[in-house]
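J.: quick one, structure for this:
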Amino acid sequence: MAEENDRLLPVANVWRMMKKILPQTPRSPKKPKKQCTSEFICFVTGEASDRCHKENRKTVNGDDIPQLPRIR
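T.: Got it, this is the predicted structure:
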């Protein structure tokens with residue numbers, strides 16, 4: 001279980017970002033959260049894939065994940 005949680009995004013940080021971008025609503029809709037999380041994962045994966053492609057490699061590993069700015 002701990003290994004699975006290590007792979008998950010910090011939901012509180014994602015939600016904090018979304019609250020700044022999405023219009024204010026009385027409820028926290030799940031669908032926009034899921035869409036935002038999926039888009040973020042696709043972005044990070046795409047950046048890592050581009051790095052591999054530039055280095056003529058076929059496999060993405062943890063070192064390929066870009067250093068993104070911390071969310072505060």
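
J.: residue 65 - nearest residue in space that isn't next to it in sequence?
T.: residue 48 (5.3 Å; C-beta to C-beta, 6 or more residues apart in numbering). (Glycine included, C-beta is placed from N, CA and C.)

J.: show me what the one helix or strand residue 52 maps to is packed against.
T.: Residue 52 belongs to helix 30-54 when assigned by DSSP states H and E. Where contact means 3 or more C-beta pairs under 8 Å, 6 or more residues apart in numbering; DSSP states H and E, helix 30-54 is packed against helix 11-21.

J.: how close does the residue nearest to residue 65 sit to residue 16?
T.: Here the criterion is C-beta to C-beta, to the nearest Å. By it, residue 48 lies 24 Å from residue 16.

J.: between those two, which is the more surrounded one?
T.: More crowded of residue 48 and residue 16, by other C-beta atoms under 10 Å: residue 48, with 17 against 12.

J.: touching, the more buried one and residue 64? I think so.
T.: Yes - here residue 48 lies in contact with residue 64, judged by C-beta atoms under 8 Å, at a distance of 3.9 Å.

J.: restricting to C-alpha, output stretch 32-49 in PDB.
T.: The C-alpha trace of stretch 32-49 is given here as PDB (Å, rounded to 0.1, in the frame of the first residue of the first chain):
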ATOM      1  CA  PRO A  32     -12.600  18.700 -13.000                       C
ATOM      2  CA  LYS A  33     -10.200  17.300 -10.400                       C
ATOM      3  CA  LYS A  34      -9.800  14.100 -12.400                       C
ATOM      4  CA  GLN A  35      -9.400  16.000 -15.600                       C
ATOM      5  CA  CYS A  36      -6.800  18.300 -14.100                       C
ATOM      6  CA  THR A  37      -4.900  15.400 -12.600                       C
ATOM      7  CA  SER A  38      -4.900  13.500 -15.900                       C
ATOM      8  CA  GLU A  39      -3.700  16.500 -17.800                       C
ATOM      9  CA  PHE A  40      -0.900  17.100 -15.300                       C
ATOM     10  CA  ILE A  41       0.200  13.500 -15.600                       C
ATOM     11  CA  CYS A  42       0.200  13.700 -19.400                       C
ATOM     12  CA  PHE A  43       2.300  16.800 -19.300                       C
ATOM     13  CA  VAL A  44       4.900  15.400 -17.000                       C
ATOM     14  CA  THR A  45       5.000  12.100 -19.000                       C
ATOM     15  CA  GLY A  46       5.300  14.000 -22.200                       C
ATOM     16  CA  GLU A  47       8.200  16.100 -20.900                       C
ATOM     17  CA  ALA A  48      10.000  12.900 -19.800                       C
ATOM     18  CA  SER A  49       9.300  11.200 -23.100                       C
END
